[in-house]
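Student: pasting the sequence and the predicted coordinates here, then a few questions.
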Amino acid sequence: MKLTLIFPNIGFHEHGDYTDEGRMEPLPLSVLAALTPPDVECVMYDDRMEDIPFDEPTDLVAISIEIYTARRSYEIAAQYRERGIPVVFGGMHVTLLPEEASKFADSIYIGDAETGWAGVIEDFKRGELKPVYHAPVGVPQEGGIIPKRELYADKGYLPLSLLQYTRGCRFACDFCAVSVYFERKNYVRATHEIIKEIEQQNRKFLFFVDDNFLSDQQRAKEFLRALIPLKVKWVSQASLDMTNDLELMDLLARSGCLGNVVGFESIVPESVKSMKKAPNFIGRKEIGWDRYEKQVQILRDHHLQTWATFTLGHDSDTLESIEETHQFAMENKFCFAAYNILMPYPSTPLYNRLRDEKRLLYGGKWWMHPDYRFNHASFIPKNMSPDELTEAVWRNRDRWNRPSSIFKRMWDFKTHMSSITRFLLYLSYNPLYAKETLKKQGMLFGLTKRKEKPRPESIDQTTWDPADGYVPVDDLFMSGIGMESIGAGCGCTDTQADSVETVSISGLG
Ligand code: B12
Ligand code: SF4
């Protein structure tokens, strides 16, 4: 039996095919391959950087889906199913929206692959593939599963290894899909198992793709101590409450941590409170709101290069606060700042609230809408129009990624200039992600390779259900809120974008 594993792309630009600049190894697929019975031949195609050979003979196709790749995944599945090859979907989006996903696949898999994937293959071999499988979420790769990294050979990925130490997070930020998927729980691998995996792969530069590496700070300390003798350099994602524990910070630095992706989200305290971003407040009672001054100082004292992420457009955010966010990030000379428009991910408390308040655009299904563009507002913010939000965030992204900004931020002797490795990381990462950020802005979802035949109409037809009760784009027209496209297409070239196509919604406060 032959299994084809697919990692889908997001979508396309009208003026050319899109190739991901930050090409990282797709960990879910090598984990899936490791969980597949050994008598099955596995091949993998990464839609972000290679053509999918749809006509290559195979028995079964498995696709890993997150929200940004859902539309494209459904198109890929349609291509295979037209050729009579059954398709199984799995991944976070499938678990959170099983009804939608099940319309486009022969079988959907809800939950983590670890406990049930081998059973799916056995069912398939017997000709008894079921339409839906349910499995729990839990400890990643339990029992010492080692991802089949040989699948990545010769694909041209960046030279860093992706691993997971934990999954999930104990916090309950209202916009976070992870919090819903893992029901506010955090699952931690046994230290000896993750250490063994690190020793078995041959790289010294690691990315732990954890949702919150430090959700369980005490257990993390045990792992960090075990990491020190391995002399690796690593990055991950972690919440800001790490700065409350100086022993933990010391262990991070000693274990080779170069920095973390940290969710600052907003510099407006009311926004941070209303989104329930508890880790940004924990331990701050005595200090009060100092706009993260103390926390950033502690990160810098431990030479950590911070990838600061922001979600912009919360109800207490204003155009001024978005502008100030940029000043805040520049002043702190972060290694990188991701200015993200707040996105309503389905099943999250944020999504449900905006739906109830009839503030969702694109029929409440922006990820499926043929007109939705990457990094455009998909809801009606409180203190600005959707267009204004899109434009304000774009302005920040544009300024942040300019060479002059990269040069200005570089001069920090506590972080980027505190070692050669950090300096090289800063210099290589910033231009790479500047290019990727600008390239992605304004992309449509789906149909990555335009030489492929047009997507099946079923994708547009079956997903629009006016009975859903959201605010469809057409209804906005009808109620006098005009929606028009301005701009002559995204002006991106491969290296820069000089204009951004926006969807203009006038008549809103
Ligand atoms: C690593 C990561 C990235 C990396 C990508 C690495 C790479 N390989 O290229 C980087 C940093 C580049 C990235 C970028 C972005 N990401 Co990201 N990312 C993650 C993260 C933290 C881990 C993913 C991972 O590899 N996990 C390890 C693997 C083994 O676990 P897994 O994918 O969950 O798979 C398990 C199960 O889901 C299941 N499974 C998965 N696929 C399949 C398939 C089958 C057939 C079966 C049976 C089972 C199955 O079994 C697996 C093993 O248990 C997730 C969070 C998460 N928990 O998923 C966010 C996440 C996927 N990202 C997210 C987002 C929003 C983004 C961005 C859009 C951010 C931005 N604003 O720019 C971008 C763009 C994404 C894109 N497609 O281009 C969101 C998606 C939201 C959603 N509802 O789907 C997530 C969920 C984070 C979040 N907090 O909401 N991301
Ligand atoms: S701290 Fe991060 S991972 Fe945890 S719930 Fe909040 S946004 Fe999600």
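Tutor: Alright, I've got the coordinates. Ligands and ions are numbered 1, 2, ... in the order given.
Student: mind listing what's buried in stretch 97-110?
Tutor: L97, E100, A101, S102, F104, A105, D106, S107, I108, Y109, I110 (16 or more other Cβ atoms under 10 Å). Where you see a C-beta, it was placed from the backbone N, CA and C, and this is true even at glycine.
Student: do stretch 176-194 as well
Tutor: Here stretch 176-194 shows 176-182, 186-189, 191, 193-194 as buried, counting by 16+ other Cβ under 10 Å.
Student: and the longest strand anywhere in the chain with ligand 2, contact?
Tutor: Ranked by number of residues, the top strand in the chain under DSSP state E is strand 257-265. Yes. Strand 257-265 reaches ligand 2 (Cβ under 6 Å from any ligand atom) through G263.
Student: what's that strand packed up against?
Tutor: Using 3 or more Cβ pairs under 8 Å, 6 or more residues apart in numbering; DSSP states H and E, the elements in contact with strand 257-265 are strand 233-237, strand 307-312, helix 420-440.
Student: can you redo those as a markdown table with mean neighbour count?
Tutor: Formatted as a markdown table, the helices and strands packed on strand 257-265 follow (neighbours: other Cβ atoms under 10 Å):
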| stretch | mean neighbour count |
| --- | --- |
| strand 233-237 | 22 |
| strand 307-312 | 22 |
| helix 420-440 | 17 |
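Student: so for Y157, which of these sits nearest?
Tutor: Y157 lies closest to helix 420-440 among the helices and strands packed on strand 257-265, at 13.0 Å (Cβ to Cβ).
Student: quick one: contacts of the helix or strand harbouring V180?
Tutor: Using DSSP states H and E, V180 falls within helix 177-181. By Cβ atoms under 8 Å, 6 or more residues apart in numbering, the residues outside helix 177-181 that reach it are 67, 92, 95-96, 137, 168-169, 171-173, 211, 345, 347-348.
Student: just name the closest of those to L319, please.
Tutor: Looking across the contacts of helix 177-181 and measuring by Cβ to Cβ, the closest to L319 is C173, at 23.1 Å.
Student: what about the residue nearest to that closest one when sequence neighbours are not counted, how many neighbours?
Tutor: Nearest residue to C173, sequence neighbours excluded (Cβ to Cβ, 6 or more residues apart in numbering): K277, at 5.2 Å. The tally of other residues near K277 (other Cβ atoms under 10 Å) stands at 25.
Student: so what's the residue count around the closest residue to ligand 2 within the stretch 1-150 of the chain?
Tutor: As assessed by Cβ to the nearest ligand atom, ligand 2 sits closest to M92 within the stretch 1-150 of the chain, at 12.2 Å. By the criterion of other Cβ under 10 Å, M92 has 21 neighbours.
Student: show me what contacts it?
Tutor: M92 neighbours (Cβ under 8 Å, 6+ apart): I65, E66, I67, A177, V178, Y181.
Student: among those residues, which one sits closest to G11?
Tutor: Comparing these against G11 with Cβ to Cβ picks out I67 as the nearest, at 12.3 Å.
Student: just checking, the closest one touches P344?
Tutor: No. Under the criterion of Cβ atoms under 8 Å, I67 makes no contact with P344, lying 10.4 Å away.
Student: show me where the stretch 301-450 of the chain has strands.
Tutor: Remark: strands assigned in the stretch 301-450 of the chain by DSSP state E, counting those that start in this stretch are 307-312, 336-341, 444-445.
Student: what would the ones you listed look like in JSON lines with mean pLDDT and distance to ligand 1?
Tutor: Listed next are those as JSON lines, based on pLDDT from 0 to 100; distance: least, Cβ to the nearest ligand atom, whole Å:
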{"stretch": "strand 307-312", "mean pLDDT": "98", "distance to ligand 1": "8"}
{"stretch": "strand 336-341", "mean pLDDT": "97", "distance to ligand 1": "4"}
{"stretch": "strand 444-445", "mean pLDDT": "88", "distance to ligand 1": "10"}
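Student: dump these to CSV, plus distance to ligand 2.
Tutor: Shown next, in CSV, are the strands of the stretch 301-450 of the chain (distance: least, Cβ to the nearest ligand atom, whole Å):
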stretch, distance to ligand 2
strand 307-312, 9
strand 336-341, 11
strand 444-445, 23
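Student: can I get those strands in CSV including distance to W289?
Tutor: Listed next are the strands of the stretch 301-450 of the chain as CSV, based on distance: least, Cβ to Cβ, whole Å:
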stretch, distance to W289
strand 307-312, 17
strand 336-341, 20
strand 444-445, 38
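Student: list the contacts of the residue in the stretch 1-150 of the chain that ligand 1 sits nearest to.
Tutor: At 2.1 Å from ligand 1, G90 is the closest residue in the stretch 1-150 of the chain, using Cβ to the nearest ligand atom. Residues in contact with G90 (Cβ under 8 Å, 6+ apart) are P28, L32, A62, I63, S64, I65, I108, Y109, A113, W117.
Student: buried among the residues you listed? Make that a ChimeraX selection.
Tutor: Per 16+ other Cβ under 10 Å, the buried members of those correspond to this ChimeraX selection:
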select :28,32,62,63,64,65,108,109,113,117
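Student: which ones among the contacts of G90 lie within strands?
Tutor: A62, I63, S64, I108, Y109.
Student: most neighbours of all the contacts of helix 177-181, which one?
Tutor: Counting by other Cβ under 10 Å, top hit in those: C169 with 26 neighbours.
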